[in-house]
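**Q** Let me see the structure of the following:
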Amino acid sequence: MLSRRGFLQSVTLSAAAATLPRRVLSATDTAPATRLDIFPYSAVTLAPGPLLTQMQQSQHLLLQLDDDSLLYPFRKMESLPTPGTSLAGWYAADGFAPGHAFGQWISALSHNYAATGDQQARAKVGRLIALHADTLRPDGKFFRDNHFPAYTYDKLLRGLMDAHTLAGDPLALPTMQRLSAIAAPTLPKAAISRNEMCALPQDPHQYCYDESYTLSENQFLAWKLTHDPRYLATGERLLNVRQFFDPLAQGQNALIKQHAYSHMNQLSSGAQAYLTLGEDKYLRAVTNGFRFVEQQSFATGGWGPNEEFVDPATDQLAQALASTHRGFETPCGSYAHLKLGRYLLSITEDPHYGDSMERVLYNTVMGAIPIQPDGHAFYYSDYNWGSTKTFFSERWPCCSGTLPLVATDYGISSYFRSPAGVTVNLYIPSTLNWTSSNGTRLALTQSGDYPFQPEVTFRISTSRPARFTFRFRIPAWAKGAELRVNSERAAAVTSGTFAELTREWQNNDHIELTLPLTMRTEQLNSQHPEIAALVRGPVCLFALTNQGDKILVTGEQLVAAAPTAASHREFHVEKDGGALKMIPFSSLVLDDRYSLYLRLRST
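**A** Here you go, the predicted model:
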């Protein structure tokens with residue numbers, strides 16, 4: 001029997017021929033423009049609060065991790081001296097995914113430096129890249145003997161790009177070029193799905209879970225950074241057009257039974273393919289794909305029970321409430337969701353994507369338990385009838401790589417810019433600093449206790465009077481929202497749109513946005529109107545019970561939930577037999593027993 005690698009190469013030659021670049025783009029070709037642009041990391045400063053705390057906790061952990069421990073699997077697998085102590089679990093040289101998070105941690109440290117100017121983060125990036133460069137050997141044994149060569153290479157590539165562009169590391173680009181040349185022989189000739197991988201003959205040391213189909217996003221970004229045509233060719237080669245993007249572009253749901261997190265990342269590859277290649281079908285595919293994801297999502301915005309997309313036309317989502325405690329792969333899934341949301345919001349200017357980002361932010365990742373120094377990490381949000389908030393069983397899993405990343409990206413998800421002015425997407429206490437085209441220095445500071453209180457306040461600082469436009473995302477659920485400028489009511493506000501304010505702004509002008517946080521119930525899906533979650537504004541409220549399927553309440557009892565304190569972080573529902581306490585996911589602590597969904601009974 002052929003070896004797995006030999007068989008892989010032989011069966012993919014014909015597929016590769018079908019996906020070779022149809023044309024060669026030059027660096028001067030005009031790509032589709034985004035309608036909104038992301039501000040640089042340095043433009044946004046988070047104010048004290050749970051999101052800043054999450055970012056600081058993650059960064060502190062990364063700064064404390066021993067350099068030699070981080071390099072251990074790379075050195076061990078290349079038969080180099082291995083000072084220090086190996087990290088355990090997935091990350092170890094003999095673990096499930098050796099060295100898998102190294103590139104993501106470099107990215108997170110680079111993001112942190114760009115956002116905060118922390119010189120410790122920049123110094124650690126420089127040390128780690130120099131040490132990693134010393135492990136790169138021409139024969140690529142690390143990749144040849146790795147269960148996930150494509151996955152690990154992809155994360156390393158992005159880490160080196162971030163180190164170059166955000167931390168200014170001088171070794172990052174030459175190391176990236178060496179890395180790519182060494183990893184290239186271990187990549188397939190065309191993207192191979194997990195199902196295809198699992199059907200191939202297996203080498204004893206390999207799994208069938210590698211993710212070559214996610215690589216295109218970063219290959220296109222590397223081409224834009226270096227103008228090296230090899231990245232462009234690899235990006236097109238690995239797009240998985242026939243099995244994934246063509247069906248999605250035609251409105252067929254190609255996500256069913258696919259690994260959820262990695263195929264959300266594949267949708268980001270499609271967004272970058274649209275921005276790089278200029279082919280409209282990729283944008284159609286990605287917008288359709290996002291719609292299919294939402295059709296099989298829980299009220300929290302989380303998706304993919306057991307890490308697999310379900311068929312929205314079946315009963316699988318309801319079955320998951322009883323059959324699994326693996327509801328949503330939280331840090332990884334939220335990182336992928338927020339990233340894809342930024343792509344689609346930037347391209348389409350549709351506020352719906354901001355609504356979706358907000359829902360996932362507050363109901364999933366904001367409630368993630370911090371990564372522990374020993375590598376225990378929060379992995380799954382549990383949506384079972386009898387749920388528990390716990391750590392993952394194995395140390396240093398994939399979510400230990402994405403939690404530091406998603407936490408550093410809250411700022412760039414909050415504000416966008418266009419020629420007209422500034423669009424506010426997320427209502428997070430923070431300050432945005434920027435300079436207009438005519439040299440006016442401006443700052444927008446937002447404060448408040450949203451999403452638990454309805455008021456968000458903005459104060460403007462400007463070096464001189466300036467005329468431009470502010471736009472504020474008004475969520476689709478926010479009926480009756482109001483905007484006031486200097487305490488006077490502004491123009492009419494419509495939910496599900498961006499509300500615009502254009503005027504000459506003066507220093508110390510202030511804006512008050514009120515988003516009514518009304519209670520409502522949300523059904524699991526159309527097949528199960530009797531299964532519902534209680535939602536207040538963008539926040540789901542979880543019942544403190546491990547018998548959610550046995551508690552019967554009416555919709556009227558749920559929406560009549562009353563706060564037990566002025567903070568609006570705890571509510572009680574009066575039902576037959578006593579009160580039921582309900583709190584947000586971010587208030588649940590380790591080992592709490594809870595249920596997202598309850599059964600409704602008719603009045």
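
**Q** can you tell me how far residue 378 sits from residue 407?
**A** According to Cβ to Cβ, to the nearest Å, residue 378 and residue 407 sit 12 Å apart. (Glycine included, C-beta is placed from N, CA and C.)

**Q** Can you show me the helices along the stretch 101-250 of the chain?
**A** Along the stretch 101-250 of the chain, counting by DSSP state H, counting those that start in this stretch, helices occupy 102-116, 119-133, 141-144, 149-167, 172-183, 194-199, 216-226, 229-237, 246-249.

**Q** Including mean neighbour count, distance to residue 461 and mean pLDDT, could those go into TSV?
**A** Output for those, formatted as TSV (neighbours: other Cβ atoms under 10 Å; distance: least, Cβ to Cβ, whole Å; pLDDT from 0 to 100):
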stretch	mean neighbour count	distance to residue 461	mean pLDDT
helix 102-116	26	20	98
helix 119-133	19	27	98
helix 141-144	19	50	95
helix 149-167	24	26	97
helix 172-183	19	35	98
helix 194-199	15	51	78
helix 216-226	23	34	98
helix 229-237	20	42	97
helix 246-249	20	45	98
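
**Q** List the contacts of residue 551.
**A** Residue 551 is in contact with 543, 545, 575, 580, 595, 598, 599, counting by Cβ atoms under 8 Å, 6 or more residues apart in numbering.

**Q** ok, and the most crowded of the residues you listed?
**A** Using other Cβ atoms under 10 Å as the neighbour test, these are led by residue 598, with 30 neighbours.

**Q** Could you pull up the residues touching the residue nearest in space to the middle of the chain?
**A** Central residue of the chain (Cα atoms, centre = their mean): residue 335, 1.5 Å from the mean position. Contact partners of residue 335, counting by Cβ under 8 Å, 6+ apart, are 365, 402, 403, 405, 406, 409.

**Q** how close does the first one get to residue 440?
**A** Distance of residue 365 to residue 440, computed by Cβ to Cβ: 35 Å.

**Q** When those two are compared, which one has more neighbours?
**A** residue 365 (30 against 16).

**Q** Report the separation between the residue nearest to the more buried one when sequence neighbours are not counted and residue 174.
**A** In this structure, residue 365 finds its nearest non-sequential neighbour in residue 334, 3.8 Å apart by Cβ to Cβ, 6 or more residues apart in numbering. The gap separating residue 334 from residue 174 is 33 Å, by Cβ to Cβ.

**Q** Tell me how many other residues crowd the closest residue to residue 494 other than its chain neighbours.
**A** Among residues not flanking residue 494 along the chain, residue 474 sits closest, at 6.6 Å (Cβ to Cβ, 6+ apart). Residue 474 has 23 neighbours, counted by other Cβ under 10 Å.

**Q** Okay, and the beta partners of residue 474?
**A** residue 497 (DSSP bridges).

**Q** Out of the contacts of residue 335, flag the one nearest to residue 43.
**A** Distance to residue 43, by Cβ to Cβ, is smallest for residue 409 among the contacts of residue 335, at 13.1 Å.

**Q** Local confidence estimate at that closest one?
**A** For residue 409, the pLDDT comes out at 97.

**Q** which residues of the stretch 501-603 of the chain score low on pLDDT?
**A** 603 (pLDDT under 70).

**Q** quick one on the thing from earlier: tell me which entries of the contacts of residue 335 lie within helices.
**A** Counting by DSSP state H, the members of those that fall within helices are 402, 403, 405, 406.

**Q** In these, find the pair that's most separated.
**A** 403 and 405 (7.2 Å).

**Q** Look at these two and report which has more neighbours.
**A** Using other Cβ under 10 Å as the criterion, residue 403 and residue 405 rank with residue 403 on top: 31 against 24.

**Q** check contacts around that one.
**A** 54, 58, 331, 335, 365, 368, 371, 377, 378.

**Q** Nearest to residue 108, out of those residues: which one, please.
**A** When the contacts of residue 403 are ranked by distance to residue 108 (Cβ to Cβ), residue 58 comes first, at 6.8 Å.

**Q** now the closest one, what's its secondary structure?
**A** Three-state call for residue 58 (DSSP: H, G, I helix; E, B strand; the rest coil): helix.

**Q** That one and residue 169, how far apart?
**A** 20 Å.

**Q** Same question for residue 381.
**A** For residue 381 relative to residue 169 (Cβ to Cβ), the value is 35 Å.

**Q** So these two - more neighbours on which side?
**A** Legend: neighbour count by other Cβ under 10 Å for residue 381 and residue 169, higher for residue 381 (27 against 23).

**Q** Quick check: chain neighbours aside, which residue is closest to the more buried one?
**A** Excluding the flanking residues, the one nearest residue 381 by Cβ to Cβ, 6+ apart is residue 328, at 4.3 Å.

**Q** quick one: contacts for that neighbour?
**A** Contacts of residue 328 by Cβ under 8 Å, 6+ apart are 298, 300, 302, 303, 304, 305, 364, 380, 381, 383.

**Q** Show the model's pLDDT score for it.
**A** 98.

**Q** Next, give phi and psi for it.
**A** The phi/psi pair for residue 328 (degrees, to the nearest 10) reads phi -150, psi 130.

**Q** which stretches of the stretch 301-450 of the chain aren't confidently modelled?
**A** In the stretch 301-450 of the chain, no residues with pLDDT under 70.

**Q** could you pull out the helices for it?
**A** 316-323, 330-348, 351-363, 399-408, 410-414.

**Q** any idea which of those is most buried?
**A** Sort the helices of the stretch 301-450 of the chain by mean neighbour count, taking mean count of other Cβ atoms under 10 Å, and helix 399-408 sits at the top with a mean of 28.

**Q** Centre of the chain to that one, how far?
**A** How far helix 399-408 lies from its chain's middle: 9 Å, per Cα atoms, centre = their mean, to the nearest Å.

**Q** ditto for stretch 270-285
**A** For stretch 270-285, the distance to the chain centre is 19 Å (Cα atoms, centre = their mean).
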